[in-house]
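1. Return a 3D structure for these sequence lines:
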Amino acid sequence: MNTVSDFHTRPISDAWNFAEIFKRDAAPVCVDRRNQFRSDALRHALKMVAPGTELRSGLERVLRGRTGGLVVLGNDATVDHISSGGFVLDIDFSSTRLRELCKMDGAVILNGQATRICRASAELLPDPSIETTESGTRQRTAQRVAKQTGFPVISVSQSLRIIELYVNARHHVLEKPEAVLARANRTLAMLERYRGRTDMVHSIVEEIETYVLELGADGRLLQLQLDEIVGTTGLAWEFAQSQA
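-> Predicted structure coming up:
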């Protein structure tokens with residue numbers, strides 16, 4: 001049985017090379033292609049912080065601990081250049097280690113796969129001329145670092161008690177799985193209602209697949225439901241034709 005993912009997956013040479021994705025994003029290409037790269041980078045970042053991952057578990061621990069935190073998902077010369085103080089670790093990542101390190105001031109810097117903790121308690125000093133729409137100090141820093149380095153940055157707000165993800169100029173609040181699932185089910189019902197409208201298929205399917213990524217382990221049933229609609233209605237063929 002064909003599924004939406006058979007037609008919708010966009011291959012990337014290095015799934016976690018965010019800097020390369022944004023380097024291509026800055027190239028003089030058409031608007032649709034720029035939006036595609038931004039969407040790809042956000043999708044990969046959402047997959048990294050989805051429920052069921054070690055990283056999400058660590059972020060939830062930080063949130064429950066009410067200490068706040070700033071986490072950079074990538075480490076290169078640019079990140080090193082804007083980082084001051086702290087200490088180098090280069091140890092395996094674990095949710096408990098992230099929780100303990102976030103008790104200290106400063107940011108925690110991970111490698112691009114979030115499997116190693118590279119540095120902790122680092123002060124981030126991004127270019128102050130980079131435009132930001134945020135008002136809080138931690139959020140302003142996170143947005144500027146994401147734009148300057150091309151790596152996703154996570155801000156855990158102590159006062160607002162939310163986890164925010166910054167991917168280049170994109171800002172995404174990580175909601176509880178039940179809230180995401182409720183929206184996903186409404187969108188799935190919309191897909192069934194408008195499955196004859198090929199002009200709407202692309203955006204609806206893309207939205208549902210984003211929910212699947214955001215739900216992580218909790219999104220398996222949603223993916224099965226999406227595949228069933230695609231396989232039993234012939235929507236996969238229509239979707240493939242709209243992508244041709």
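
2. which other residues reach the longest strand anywhere in the chain?
-> Secondary structure of the chain per DSSP state E: the longest strand is strand 116-124. With contact meaning CB atoms under 8 Å, 6 or more residues apart in numbering, strand 116-124 is reached by 70, 72, 75, 82-93, 97-98, 101, 104-111, 141, 145. Every residue, glycine included, has its C-beta placed from N, CA and C.

3. what about residue 212, which SS state?
-> When classified by DSSP: H, G, I helix; E, B strand; the rest coil, residue 212 comes out as helix.

4. what's the average pLDDT for whichever strand or helix holds residue 173?
-> Assessed by DSSP states H and E, residue 173 sits inside strand 170-174. For strand 170-174, mean pLDDT is 93.

5. Given the longest strand of the chain, what are its sheet partners and their directions?
-> strand 83-84 (antiparallel), strand 87-92 (antiparallel), strand 107-110 (antiparallel) (DSSP bridges).

6. For it, buried residues please.
-> 117-122, 124 (16 or more other CB atoms under 10 Å).

7. The following helix or strand past that strand - contacts with which helices or strands?
-> For strand 116-124, the following helix or strand on the C-terminal side (DSSP H and E) is helix 137-149. In terms of contacts (3 or more CB pairs under 8 Å, 6 or more residues apart in numbering; DSSP states H and E), helix 137-149 is packed against strand 69-73, helix 77-81, strand 153-156, strand 163-167.

8. tell me the most buried of the ones you listed?
-> The highest average neighbour count among the helices and strands packed on helix 137-149, using mean count of other CB atoms under 10 Å, belongs to strand 153-156 at a mean of 28.

9. Break this structure into its domains for me.
-> The record assigns the chain these domain ranges, following automatic domain parsing: 47-174, 177-244.

10. which of these sits most buried?
-> domain 47-174 (a mean of 18).

11. Export the buried residues of strand 116-124 as CSV, with columns for pLDDT and distance to residue 167.
-> CSV is the format used below for these (pLDDT from 0 to 100; distance: CB to CB, whole Å):
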residue, pLDDT, distance to residue 167
117, 98, 21
118, 97, 19
119, 97, 21
120, 97, 22
121, 96, 24
122, 97, 20
124, 97, 16
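
12. circling back to that earlier point, strand partners (parallel or antiparallel) of the strand holding residue 173?
-> When DSSP bridges is applied, strand 170-174 pairs with strand 163-167 (antiparallel).
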